[in-house]
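J.: okay, here's the prediction I keep looking at, along with the sequence it came from:
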Amino acid sequence: MDNRIERLIEALSEDVRDVYKVMLPEFQQSYADYVYSAEKEITIFKRKKHLEKSFRKLLTEVYFYLMPMSQRTAEEIANDWKYEPPYDFYDMTADPEDYAEILSTEARGDNYFQVVRNGQLVGFATFLSEGSELEIGLGMKPAFIGQGWGRDFFKAIENFAKEKYEAKTYVLRVAAFNARAQHLYQEMGYQIIENYQQLTNGASYPFVKMVKTL
């Protein structure tokens, strides 16, 4: 860990320290550089107090946003995100093609994004535009599943899609066993229009195609 990050962790007030500690490493570095690039101690102190005020808001307010996926995030998702059965179906290591794609900067292109909540990595989204349709893929970090964030998480992805892409229809492809996800999407206006078999994870599995017309 960079010495500036360590210094800032120790310098922050205890009530906001954990907010900073769970942020993406690049965010931690940026904030630490902001504070300690100043030469005068009074300026360092003022910058630290300004950050504490901003971090304190994050204790009661929630901000989701999307940004291009970094290689660090891609490697974390590919190698470290492990789901409980039966959702281990979504482990990147379960499918060699998916695993190779997410690790490749070239293969990801500009279609992969990391979803951030209050500076902390909570998931990812992919977008594939074909004519008037936009196919959306997504995944939430295993540690945050079941915490009631699903609706806000997906709404942030939809809001980003509306700003970035021109599409009349959103498309989701969901494993048939994943009733939990299907229920959420239906509540948010998606309808199942097709049942089909998809080759993945070395075999053929039942999937459903869900769409939402804007």
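T.: Looks like it arrived, so ask away. Residues are numbered from 1 along each chain as shown.
J.: ranges for the strands of this protein?
T.: Here the chain has its strands, by DSSP state E, at 64-68, 112-117, 120-130, 133-140, 169-175, 191-200, 203-213.
J.: helices of this protein, start to end?
T.: With DSSP state H as the definition, the chain shows helices at residue ranges 3-11, 14-21, 25-36, 41-57, 71-80, 96-103, 105-108, 150-164, 179-187.
J.: for the first one, packing partners?
T.: I take that to be helix 3-11. In terms of contacts (3 or more Cβ pairs under 8 Å, 6 or more residues apart in numbering; DSSP states H and E), helix 3-11 is packed against helix 14-21, helix 25-36, helix 41-57. C-betas here are computed from N, CA, C, even on glycine.
J.: now it: buried residues?
T.: Going by neighbour count (16 or more other Cβ atoms under 10 Å), the buried part of helix 3-11 is 4-5, 8, 11.
J.: just the CA atoms of it, as CSV, please.
T.: Taking C-alpha atoms only, helix 3-11 is exported to CSV below (Å, rounded to 0.1, in the frame of the first residue of the first chain):
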residue,chain,number,x,y,z
ASN,A,3,2.6,5.4,2.1
ARG,A,4,0.2,8.3,1.3
ILE,A,5,-2.8,6.0,1.6
GLU,A,6,-1.6,4.6,4.9
ARG,A,7,-1.0,8.1,6.2
LEU,A,8,-4.5,9.2,5.2
ILE,A,9,-6.2,6.2,6.8
GLU,A,10,-4.5,7.0,10.0
ALA,A,11,-5.3,10.7,9.8
